[in-house]
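**Student:** Predicted coordinates and the sequence they were generated for:
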Amino acid sequence: MEIIKSPGEMQERSLQLKRQGKKIGLVPTMGFFHEGHLSLMRIARERCDAVVVSNFVNPTQFAPTEDLDAYPRDFERDCRLAEKIPVDIMFNPEKQNMYPEGFRTHVEVEGWGKKLCGASRPIHFRGVTTVVLKLFNLVMPDAAVFGWKDAQQFLILKRMVKDLDLPIEMIGGEIVREEGGLAMSSRNKYLSPEERREALVLSRSLGEAREMIEKQGIKDCGILKNHIRKQIDKTLHGKTDYVEIISLETLEPLEEVKKGDTLIALAAFFGRARLIDNVRC
């Protein structure tokens with residue numbers, strides 16, 4: 001596996017692969033790999049000739065009060081795991097090379113980054129779209145793989161690709177869960193044993209909401225959201241950030257579930273960990 005740190009070198013290497021007729025797959029990550037990340041790499045491996053994984057904790061998507069400095073990192077372990085896939089190139093740039101002095105250009109999908117997670121993290125998605133567009137320009141992928149766990153992020157990036165006419169296939173990998181149902185996340189390491197047990201309420205309550213739709217025929221989004229909030233409120237350590245039911249197409253709130261166009265998404269705090277989860281209906 002090649003390790004590339006220079007953006008210029010990454011771009012030149014991608015051009016070499018293009019000249020060889022290789023289909024390039026990109027998996028953008030912030031490192032500290034778990035099975036969720038690895039599942040996305042496997043998708044890229046199956047569909048593409050060359051697999052590039054970016055490993056970069058992007059500072060522009062963190063507010064000053066958030067956990068940038070504490071965000072978990074273990075590059076050597078990440079490399080060992082990626083080699084087993086196998087990944088062809090690990091792109092691990094330095095902050096100063098991605099955002100050199102004088103950098104002042106940003107990309108934003110207007111309005112969509114202020115909803116759901118964006119309501120409490122107002123600069124987050126502008127940082128995400130900016131860094132991903134930079135990665136697209138450097139790696140020049142034919143396909144990019146993202147996880148549905150970060151559903152809002154995936155939908156925003158798909159909209160950016162569509163609006164800017166980027167020739168990239170956007171592939172969504174399904175949520176990978178720990179035993180018991182907790183969605184895998186790098187931030188799960190912040191959880192105490194008790195908080196981890198209580199956090200299982202997130203996937204459980206989402207599953208219950210989907211059963212209410214499928215088995216009881218309940219379509220009223222207010223009823224579904226109230227059910228999820230009540231389950232989280234019953235825990236000792238859980239604190240709801242939001243529970244929303246939106247259209248997958250427009251990200252607008254729904255009053256009634258629309259089959260095939262509904263995302264039930266939530267975010268909640270358990271101790272210092274802010275966890276997100278969702279289901280599509």
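**Tutor:** The structure has been received and is ready for your questions. Treat the numbers as computed from the prediction; the structure is a model and nothing was measured.

**Student:** Mind checking what secondary structure the closest residue in space to residue 60 that isn't next to it in sequence has?
**Tutor:** Excluding the flanking residues, the one nearest residue 60 by Cβ to Cβ, 6 or more residues apart in numbering is residue 127, at 3.5 Å. Placement of C-beta: from N, CA and C, glycine included. Following DSSP: H, G, I helix; E, B strand; the rest coil, the label given to residue 127 is helix.

**Student:** Same check on residue 16?
**Tutor:** Here residue 16 is recorded as helix under three-state DSSP.

**Student:** thinking again about what came up before, please report the number of neighbouring residues for the residue nearest to residue 60.
**Tutor:** Residue 127 sits with 20 neighbouring residues when counted by other Cβ atoms under 10 Å.

**Student:** Lowest mean pLDDT among the helices and strands of this structure, which one is it?
**Tutor:** When the helices and strands of the chain are scored by mean pLDDT, DSSP states H and E, helix 117-120 comes last with a mean of 94.

**Student:** who touches that helix?
**Tutor:** The contact list for helix 117-120, computed with Cβ atoms under 8 Å, 6 or more residues apart in numbering, reads 112, 124, 125, 152, 241, 242, 267, 276.

**Student:** Would you write a PyMOL line that selects the buried entries of those residues?
**Tutor:** The PyMOL selection below is limited to those of those classed as buried (16 or more other Cβ atoms under 10 Å):
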select buried, resi 112+124+125+152+241+242+267+276
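
**Student:** Pick the one among the contacts of helix 117-120 closest to residue 249.
**Tutor:** The nearest member of the contacts of helix 117-120 to residue 249, counting by Cβ to Cβ, is residue 112 at 11.6 Å.

**Student:** Double-check that closest one against residue 124; I have them as touching.
**Tutor:** No: assessed by Cβ atoms under 8 Å, residue 112 is found out of contact with residue 124, at 11.7 Å.

**Student:** now for the helix ranked longest in the chain, which elements pack on it?
**Tutor:** Identified as the longest helix of the chain according to DSSP state H is helix 193-214. Packing partners of helix 193-214 (3 or more Cβ pairs under 8 Å, 6 or more residues apart in numbering; DSSP states H and E): helix 221-233, strand 238-246, strand 263-270, strand 273-280.

**Student:** Tell me which of these sits most buried.
**Tutor:** strand 263-270 (a mean of 23; mean count of other Cβ atoms under 10 Å).

**Student:** tell me the average confidence for that strand?
**Tutor:** In this model, strand 263-270 has an average pLDDT of 98.

**Student:** Tell me the strands beside it, with direction?
**Tutor:** Looking at strand 263-270 with DSSP bridges, its partner strands are strand 238-246 (antiparallel), strand 273-280 (antiparallel).

**Student:** Show me the one of the ones you listed that comes nearest residue 138.
**Tutor:** Ranking the strands paired with strand 263-270 by proximity to residue 138 (Cβ to Cβ) places strand 273-280 first, at 27.4 Å.

**Student:** what does that closest one rub up against?
**Tutor:** Against strand 273-280 from outside (Cβ under 8 Å, 6+ apart): 117, 148-151, 175, 182-183, 185, 187-188, 190-191, 195, 199, 202-203, 206-207, 209-210, 241, 248, 262-269.

**Student:** Just the buried ones from those, in PyMOL syntax?
**Tutor:** The PyMOL selection below is limited to those of those classed as buried (16+ other Cβ under 10 Å):
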select buried, resi 117+148+149+150+151+175+182+183+185+187+188+190+191+195+199+202+203+206+209+210+241+248+262+263+264+265+266+267+268+269
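
**Student:** domains for the protein, by residue range?
**Tutor:** 2-173, 186-275 (automatic domain parsing).

**Student:** Any chance of a markdown table for these, columns distance to residue 281?
**Tutor:** Shown next, in a markdown table, are those (distance: least, Cβ to Cβ, whole Å):
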| stretch | distance to residue 281 |
| --- | --- |
| domain 2-173 | 12 |
| domain 186-275 | 4 |
